[in-house]
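J.: Take this sequence and fold it.
(chains A and B)
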Amino acid sequence: DAMVIQNPRYQVTQFGKPVTLSCSQTLNHNVMYWYQQKSSQAPKLLFHYYDKDFNNEADTPDNFQSRRPNTSFCFLDIRSPGLGDAAMYLCATSRDAWETQYFGPGTRLLVL
Amino acid sequence: DAKTTQPPSMDCAEGRAANLPCNHSTISGNEYVYWYRQIHSQGPQYIIHGLKNNETNEMASLIITEDRKSSTLILPHATLRDTAVYYCIVGGSSNTGKLIFGQGTTLQVKP
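T.: Okay, the predicted model is just below:
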């Protein structure tokens, strides 16, 4: 039944150690989004893919990158995590822009 | 995309209707009003959206004023499981589909 799957649900990494979060979808949607949600704040879009086209938000730090090797999978790479990158990372998909977004359960990242 | 203003928190008695207001006075003609909610420690969940007309689905009703500058989300019979942060988002004028979340309204449903 799961439509947007995020693994792992909890990730612990060390300061400066690269980490990759993964998202997969069974909906065959064209668009995949990555949001960052810090404690007690609203989700904030980092970037999104429309099919293979990558769209970066202007204020997303260079430390964050993404890959989408195929329709089903999308990865968030944090090259050198800092303490300020500790957050919930949410993946979402939609069939097209402005159609309903379906969110995964999120990956909570802790940076030690 | 237009900004929205929502009260930070509201309470509602279980079984009663919850009416969540949203102001979006700068909405443009082709922008929709979307509502999502986020239950603690889960990803946001789509509830409903509309352009001009009132909308209803199995979860909620959306009432949009005639001038489209405000709207109200109605949960007709709130349950404890409806306790969540409710986000009102306006968008649709860009081609990205990105949702700009405001701070939302924390709805506490009480027994």
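J.: ok, and the closest non-adjacent residue to residue A:30?
T.: residue A:51 (5.3 Å; CB to CB, 6 or more residues apart in numbering or on different chains). Heads up, the C-betas are built off the backbone N, CA and C, glycines and all.
J.: List the contacts of the one you found.
T.: A:30-31, A:71 (CB atoms under 8 Å, 6 or more residues apart in numbering or on different chains).
J.: roughly how far apart are the residue nearest to the spatial centre of chain A and residue A:103?
T.: Most central in chain A under CA atoms, centre = their mean is residue A:34, positioned 3.3 Å from the mean C-alpha point. Residue A:34 sits 11 Å away from residue A:103, going by CB to CB, to the nearest Å.
J.: between the two, what contacts are shared?
T.: A:90-91.
J.: where in chain B is pLDDT low?
T.: B:1-2, B:93-95 (pLDDT under 70).
J.: Can you pull the residues of chain A lying near chain B?
T.: Residues of chain A found near chain B (CB under 8 Å from any CB of the partner chain) are A:4, A:31, A:33, A:42-45, A:48, A:50, A:55, A:57, A:90, A:92, A:94, A:96-106.
J.: can you tell me which of those residues are in strands?
T.: Among these, the ones falling in strands (DSSP state E) are A:4, A:31, A:33, A:44-45, A:48, A:50, A:55, A:90, A:92, A:94, A:102-103.
J.: most distant residue from the middle of chain B?
T.: Max distance from the centre of chain B (CA atoms, centre = their mean): residue B:111, 22.5 Å.
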